[in-house]
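Colleague: next come a sequence and a model predicted from it.
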Amino acid sequence: MKFRFDKETLRKMEACSKALHISKSEVVRGGVHLMYQEVFHED
């Protein structure tokens, strides 16, 4: 899949990736999991 990010979102994703020592893909997956939990109230 390909995604388009605005500059601010890309900056934040890269900052999280570096701070947590994880890939940018892992940052995106983490965000999807957080949103899913919020929407469906699951752990």
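Modeller: All right, it came through fine.
Colleague: please count neighbours and contacts with C-alpha atoms only from this point.
Modeller: Noted.
Colleague: ok, K24 - how many residues close by?
Modeller: K24 is flanked by 16 other residues according to other Cα atoms under 10 Å.
Colleague: could you look up the SS state of the closest residue to it other than its chain neighbours?
Modeller: Counting by Cα to Cα, 6 or more residues apart in numbering, S17 is the residue found nearest to K24 once chain neighbours are left out, at 5.5 Å. Secondary structure of S17, reduced to three states by DSSP: H, G, I helix; E, B strand; the rest coil: helix.
Colleague: which pLDDT value belongs to S17?
Modeller: Model confidence at S17, given as pLDDT, is 98.
Colleague: let me know the helix or strand that the nearest residue to C16 once chain neighbours are set aside is in.
Modeller: The shortest distance from C16 to any non-neighbouring residue, by Cα to Cα, 6+ apart, is to V27 (6.9 Å). Using DSSP states H and E, V27 sits in helix 24-40.
Colleague: okay, the residue nearest to K24 and V27: tell me how far apart.
Modeller: Applying Cα to Cα, to the nearest Å, the value for S17 to V27 is 6 Å.
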